[in-house]
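Visitor: Sharing a sequence plus its predicted fold:
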Amino acid sequence: MFDKKEKCTSIVEGKIVSFESKGSEHGSIITVEYEIDNVKYQIKETVKLKISVIKLGFIPIGQRAEPKINTEVGSVIQVKYNPDNPNEAYIVGNDGLINCC
């Protein structure tokens, strides 16, 4: 696999074309379509989550997991890609260790 951070130096806006919830065991998949030089590409990634604490006053009573990125179909989102090979790409802001349910 390629090192995304080093090779993907260009940025483009993409459009979310699908969001598939695979359940709590497998994570959710987002598909983003982007265009470079009149050629359309797609990237699929597992959606990562951010965790926030739920409080009742000052008392923590639980945790909430929310996607780190917008997942609404039709929304515009940024994609970084390798200018030498636009198929090598990743969704900006969708990083971390926790997968979406």
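Guide: All right, it came through fine.

Visitor: What strands line up against the longest strand anywhere in the chain, and which way round?
Guide: Assignment by DSSP state E gives strand 10-21 as the longest strand of the chain. Strand pairing for strand 10-21, using DSSP bridges, gives strand 28-36 (antiparallel), strand 76-82 (antiparallel).

Visitor: Can you show me the CA trace of it as CSV?
Guide: Only the C-alpha atoms of strand 10-21 are listed here, as CSV (Å, rounded to 0.1, in the frame of the first residue of the first chain):
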residue,chain,number,x,y,z
SER,A,10,-3.3,17.6,-4.4
ILE,A,11,-6.8,18.3,-3.2
VAL,A,12,-10.2,18.3,-4.9
GLU,A,13,-13.8,18.5,-3.9
GLY,A,14,-15.8,15.3,-4.2
LYS,A,15,-19.4,14.4,-3.8
ILE,A,16,-20.7,11.8,-1.4
VAL,A,17,-22.6,9.3,-3.6
SER,A,18,-23.4,6.6,-1.0
PHE,A,19,-23.4,5.8,2.7
GLU,A,20,-23.8,2.1,3.7
SER,A,21,-24.4,1.1,7.3
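
Visitor: Please produce JSON lines containing the strands paired with strand 10-21, extended by mean neighbour count.
Guide: Yep, even glycine has a C-beta here, placed from its N, CA and C like the rest. Formatted as JSON lines, these follow (neighbours: other C-beta atoms under 10 Å):
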{"stretch": "strand 28-36", "mean neighbour count": "18"}
{"stretch": "strand 76-82", "mean neighbour count": "18"}
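
Visitor: These: which one's closest to residue 62?
Guide: strand 28-36 (20.8 Å; C-beta to C-beta).

Visitor: could the strands paired with strand 10-21 go into JSON lines alongside mean pLDDT and distance to residue 8?
Guide: Converted to JSON lines, the strands paired with strand 10-21 look like this (pLDDT from 0 to 100; distance: least, C-beta to C-beta, whole Å):
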{"stretch": "strand 28-36", "mean pLDDT": "95", "distance to residue 8": "12"}
{"stretch": "strand 76-82", "mean pLDDT": "95", "distance to residue 8": "4"}
